[in-house]
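> for reference, the sequence and a predicted model appear below.
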Amino acid sequence: MLSVESHDSLAGVLVTEAWKRLESLSLPALSKFALCLHKQHRHFSPLTGKIAHLVDMKLDSIQDIRILSVLMISVSDVISRSFQDRLLQKVDQLLGEGVHFNYAKRIVQFLQLSKLTHSPLLEKCNKIFLKSTSHLDLDNISLIFGLYEQLGFDNAEFRLTAKQLLSESVDDYCDPEAFAKLFFVLGPMAESKVRERLLATAALIAEEFSSHQALVILKTMQKMKCRHSQLLEKMVSVLHRHLDSYHVLQLVKLTQCLVLLHCRDQELFAKLKMLLLGFLKSSVIPSDTAAIIRTLAILPSSQVEEVIINKATAVLPQCRLQDLSCIATALVKWNHYDKLHWQNTSQLHVKLLQKVNDCGFQRLQKARNLNLLLEELTHVNGEWLQEVISEETVAACQRLIDHVTQANVLQLSIFLMKTNHRCPSLLDRIASVTVENINKIHPLEMYFILHLFSVLNYDPPANEEFFQSCIQHLTSNLSCFETHHLVLLGYILAVAGYFPPALIRTIFDVSFLSRLDAQLEVLSDTLRQRVRSRLMKLNRAVCLECPEFHIPWFHEQYFQRVLCKGIRRINPLRQHVHRMLAEILGGSHYARVSVLTPYYYEIDFECILDKNKKPLSYTAQNILLDDLRGVHLRHDIKDEERKALPQGAQRIALEFLDSKAFSKDSHHLKGEPAVKKRHLEILGYRVIQIPHFEWNSMVLSTKPEQLDYLRKRLYETQ
C-alpha cells in the first residue's frame, strides 16, 4: 500500500477494510497501518483520530519504542496537549541509550511536528545520535540539523561531529540536491578554506539548483553573512526562473534574505513586490498578511500603497500580538521613509498605527490565560514591544500572576528579560515557584531564570534560599550543560555574587578549556564572541573576588586584540566633562579620560585626591582636551605600572551611566554596572556613578549647576 496513491480506488477499499478491523489489530499492525495513512497524507482523517483514541486507551501497555515512535508521528496532528504530555512521559520511560538511531530520529520529528521543545528528550536523542556515527550520513545530518533549527535546539558536540564527518568529503557532493544539504550544514561553521571551496562549488553549479535548493543556499548565505558577489549574482539569475513556484512564506523568507545580503537587482525586487502584493490581496490568514506587509516594508525604495492600508485595517481585529508587531514595524518604517522623501501619506500611517496600538491594548486587556499570552509574546520583539505595549503587557502578566506555574515560569522569565522590566511581584512569584518545583525544572531552564535575577540585580524576599537551592540543583546536574553553557552559567552567578567551587573548578580546568576552544569553532560568530567575553569577565571576577581559588588571569592577549580592533574617539560629553573637571581641580593634568584599570575595566574619568582632598597631578598626561579633538584615544595599557599612591590618597573613578545601566522606567542599577562598581572598589577606587536621569535633568541644565554637582560628588564624604 505504501506505493499506492491515496486517490487510487484500491487504496480506498483497503483503508475501508482496515477501518472495520481497526480495534482487532495488534499494536505492531496498528503502527504499520498508521504509518501507511501518514505517508498518504491522511493527517486529519477521522480514521487517524480513531487510531489516536486507540493509542490513548492502550498507551500503558505499549513497551516497544519502535511501535510508539511510529504511532506518535502518525497521530501528531490530531491529539490534545494533555495527550502529548502523556506520550512524552511514556517516551521518557522507554528511551534508553541502547535505542536505535531511527527511533530517536522519529521522536525528534514528533517534537518538531508538535512544536514542542522538550529539553530532556532532545538531549537523550542527541546522545543516541552521537553514539551512532555510522548512521550519520549527509541525509540524516541535514535532517537532524533542520529539525534542531525549527525546535530552537542546538548542540555544539553534534555540530563538531558533523563538521568532522563532512569536512573530509566536501568534494564528494557535486549533484545539486546533496550539495545544497552539505552547504546548509557545513557552510555556517566551515573554516576559511572549506568555506571558499563551498562557495566556489555553489557558484559553479548554481544554474542547476531547484527552487527549494536555491532558497536553502540563500538562507545559508545569510547565516554565513556571505558577501560573495559572483554567487549572489548567479543565485539571482536562478531566482528569476523560479519565482512563480514559491508559496507566500517562502517568498517572504526569500525577500528577507536578499535584502540582508544587499542584493541590488531592482528587476528582481520589482517582481517580488508584484508577487507579494498579489498574495496580499488574496490572503485570508492574519499571520500571512502581517508577514507580507512587514516584508513589503523592507523592499528598497518601498512606499505604502492603498491596498496595503486597506488590507491591514481589515485584518487588525483578527491579529495576534506578533502579527500586530509586524504591521506596526512596517508602518513605522514607511512613515520614516515618507518623512525623508517629503511624502504626504504619513497621516494614513499614523492613524493606522494608532489602530494597531489600540488592538494590542485591547488584546492584552482581554487576556485570560497566561500560557496563551506568553506563547504570543514569544515572537514579539523590537521597538513596538519596548516602546508601546511593554507596560500594558507587564500589567497583564501581573493580573494573571496566579497562573504562574512550573510549566510557564521559563517563558515568563524570558519575556521579562526582553522587556527589561523590574517587576517585584512577578519576580517574587517566579522565585517562589522555582524553589517549590526545583526538581521539576530542567537545569538549562534554571539558567534562564537565574539570568533574569542576575541581570536585573534583583533580590527576592528569600534571596539566599532561592540562589542556594538553584545552585545546588545546578551543580548536581553539571553534566546536562555544554561547555559554553557552563561558562555563561558561571558568569551570571558571578554577577549575582556567587562562585560555586564545583562549577569554578570545572570551568578553569585545562581539559575543559581545550574542549571549549574546539566547540567554539562551530558556534555562530555572535554566540562565540559572547562566550569568549563572558569567560574573560568570569576570569576577572574570580581573580578579584575569589583569590583563594588560585585561578590565574589569562586574558591579557585577548584584551590586546580587542583594544587593537576598538579604536575610539573622545566623545563630546567626555570633552565637556573633562573641561569642567579641569576647572574644578585646577588643570587638565589632574584628571585622565577613558582610563584602563588593571584587569581592563575602562572608566570614564580618573583623578587622585590626597588625604587633604587636594588633587594630585598626572605629569605623564599633561595634554589639553582641545588638542585631542581629531586624535584617536590612547589608552594607558600598562596601568599596572602606576606608582604607589602617597599615604591617605585615593583614586576616584567617575562613571556616567546611560539608560542601559538601569531597569526600564527605574532608577535601579542592573547587574553589570553593579559588578563593575564592586570590582573597582576592590581595586582601590572610590567610585562615583552619575546616572543619566540626574545629569540630564532640568536641575542640571546649566554649566554652573553641573560644576556645582560635580564638585559636591567629588568632595563628598564617603
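On my side now, so go ahead.
> and the nearest residue to residue 442 once chain neighbours are set aside, what is it in contact with?
Excluding its sequence neighbours, the residue lying closest to residue 442 (Cβ to Cβ, 6 or more residues apart in numbering) is residue 119, at 4.8 Å. Where you see a C-beta, it was placed from the backbone N, CA and C, and this is true even at glycine. Counting by Cβ atoms under 8 Å, 6 or more residues apart in numbering, residue 119 touches 153, 442, 444, 445.
> at 7 Å instead, please
Residue 119 makes contact with 442, 444, 445, according to Cβ atoms under 7 Å, 6 or more residues apart in numbering.
> and residue 329, by the same measure?
Contact analysis of residue 329 by Cβ under 7 Å, 6+ apart lists 294, 382, 384.
> how far off centre is the helix or strand where it lies?
Element membership of residue 329, judged by DSSP states H and E, is helix 321-340. Relative to the centre of its chain, helix 321-340 is centred 23 Å away, using Cα atoms, centre = their mean, to the nearest Å.
> tell me the mean pLDDT for the next helix or strand after it?
The helix or strand immediately downstream of helix 321-340 is helix 346-366, counting by DSSP H and E. Across helix 346-366, pLDDT averages out at 89.
> if you count neighbours, what's buried in the helix holding residue 329?
321-335, 337-338 (16 or more other Cβ atoms under 10 Å).
> please apply the same query to stretch 675-693.
Residues 675, 676, 677, 679, 680, 685, 687, 688, 689, 690, 691 are the ones in stretch 675-693 that count as buried (16+ other Cβ under 10 Å).
> now, those that are in strands?
685, 687, 688, 689, 690, 691 (DSSP state E).
> columns pLDDT on top of those, output as JSON lines?
Listed next are those as JSON lines, based on pLDDT from 0 to 100:
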{"residue": "685", "pLDDT": "94"}
{"residue": "687", "pLDDT": "95"}
{"residue": "688", "pLDDT": "95"}
{"residue": "689", "pLDDT": "94"}
{"residue": "690", "pLDDT": "94"}
{"residue": "691", "pLDDT": "94"}
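> before we move on, the earlier item: filter the contacts of residue 329 down to just the buried residues.
For the contacts of residue 329, a burial check counting by 16+ other Cβ under 10 Å picks out 294, 384.
> lowest-confidence entry in the contacts of residue 329?
Least confident of the contacts of residue 329 in the model: residue 382, at 86.
> any idea what sits nearest that one, other than its immediate chain neighbours?
Residue 382's closest residue in space is residue 329 (Cβ to Cβ, 6+ apart), at 6.0 Å.
> could you check how far the one you found is from residue 250?
Counting by Cβ to Cβ, to the nearest Å, the gap from residue 329 to residue 250 is 21 Å.
> what's the burial count for residue 274?
Per other Cβ atoms under 10 Å, the neighbour tally for residue 274 reads 10.
> apologies, that question was intended for residue 148.
The burial count for residue 148: 19, using other Cβ under 10 Å.
> can you pull the contacts of it?
residue 154.
> same check on residue 260?
Residues near residue 260 by Cβ under 7 Å, 6+ apart: residue 222.
> wait, which of the contacts of residue 119 is closest to residue 182?
residue 444 (29.8 Å; Cβ to Cβ).
> not counting sequence-adjacent ones, nearest residue to the closest one?
Using Cβ to Cβ, 6+ apart and skipping the chain neighbours, the partner closest in space to residue 444 is residue 119 (5.7 Å).
> okay, that neighbour: pLDDT?
Looking at residue 119, its pLDDT is 88.
> can you check residue 629 too?
The per-residue pLDDT reported for residue 629 equals 37.
> just the one 4 residues further on next, same as before
At residue 633, the model reports a pLDDT of 39.
> any regions of the protein where pLDDT drops low?
The model of the chain has pLDDT under 70 over residues 1-21, 43, 338-346, 565-569, 619-643, 717-718.
> and the strands in it?
591-596, 602-609, 650-657, 685-691.
> most neighbours per residue, which of these?
strand 591-596 (a mean of 22; mean count of other Cβ atoms under 10 Å).
> list the helices and strands it packs on?
helix 572-585, strand 602-609 (3 or more Cβ pairs under 7 Å, 6 or more residues apart in numbering; DSSP states H and E).
> how much space between residue 501 and residue 454?
Taken as Cβ to Cβ, the span from residue 501 to residue 454 is 19 Å.
> ok, these two, which is more surrounded?
Neighbour comparison, residue 501 and residue 454: the larger count goes to residue 454, with 23 against 11 (by other Cβ under 10 Å).
> can you pull the contacts of the more buried one?
492, 495, 496, 671.
> so the last one makes contact with residue 459?
No: using Cβ atoms under 7 Å, residue 671 is not in contact with residue 459; the gap is 11.3 Å.
> so those two - more neighbours on which side?
residue 671 (20 against 14).
> list the contacts of the more buried one.
454, 455, 456, 457, 495.
> over to residue 255?
The contact partners of residue 255, by Cβ under 7 Å, 6+ apart, come to 272, 295, 299.
> ok so, going back, what's the farthest-apart pair in the buried residues of stretch 675-693?
679 and 691 (19.1 Å).
> does residue 35 touch residue 71 like I think?
No: with contact defined as Cβ under 7 Å, residue 35 does not count as touching residue 71 (8.6 Å).
> more crowded one of these two?
Taking other Cβ under 10 Å, residue 35 and residue 71 do not tie; residue 71 has more neighbours (26 against 16).
> list the contacts of that one.
Residue 71 touches 31, 34, 55, counting by Cβ under 7 Å, 6+ apart.
> what about the last one, distance to residue 112?
The span separating residue 55 from residue 112 equals 19 Å under the rule Cβ to Cβ.
> make a markdown table from the contacts of residue 671 and add distance to residue 405 to it.
Putting the contacts of residue 671 into a markdown table (distance: Cβ to Cβ, whole Å) gives the following:
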| residue | distance to residue 405 |
| --- | --- |
| 454 | 23 |
| 455 | 23 |
| 456 | 21 |
| 457 | 26 |
| 495 | 27 |
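> nearest to residue 478 among the residues you listed?
Distance to residue 478, by Cβ to Cβ, is smallest for residue 454 among those, at 18.1 Å.
> distance of that closest one from residue 239?
Per Cβ to Cβ, residue 454 is found 46 Å from residue 239.
> touching, residue 120 and residue 442? I think so.
Yes: between residue 120 and residue 442 there is a contact under Cβ under 7 Å: 6.1 Å.
> in terms of contact, does residue 243 touch residue 275 like I think?
Yes: counting by Cβ under 7 Å, residue 275 is a contact partner of residue 243 at 6.4 Å.
> take the contacts of residue 255 and keep only those in helices.
272, 295 (DSSP state H).
> turn the contacts of residue 255 into CSV, columns for neighbour count.
Shown next, in CSV, are these (neighbours: other Cβ atoms under 10 Å):
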residue, neighbour count
272, 23
295, 26
299, 16
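> go through the contacts of residue 255 and say which is closest to residue 89.
residue 295 (40.6 Å).
> where's the closest one relative to residue 34, distance?
38 Å.
> what do you get for residue 201?
41 Å.
> these two - which one has more neighbours?
Neighbour count, other Cβ under 10 Å: between residue 201 and residue 34, residue 34 has more, with 25 against 18.
> the more buried one reaches residue 50, doesn't it?
No: contact criterion Cβ under 7 Å: residue 34 and residue 50 do not qualify, at 10.3 Å.
> now do stretch 279-291: everything it contacts.
Contacts of stretch 279-291 (Cβ under 7 Å, 6+ apart): 248-249, 252, 292, 307-308, 311, 315, 318-319, 323, 326-327.
> got the contact list for residue 409?
Contacts of residue 409 (Cβ under 7 Å, 6+ apart): 430, 433, 434, 449.
> coming back round to it: which of the buried residues of stretch 675-693 sits closest to residue 176?
Using Cβ to Cβ, the buried residues of stretch 675-693 come closest to residue 176 at residue 675, 51.9 Å.
> that closest one contacts residue 497, correct?
No: using Cβ under 7 Å, residue 675 is not in contact with residue 497, being 8.3 Å away.
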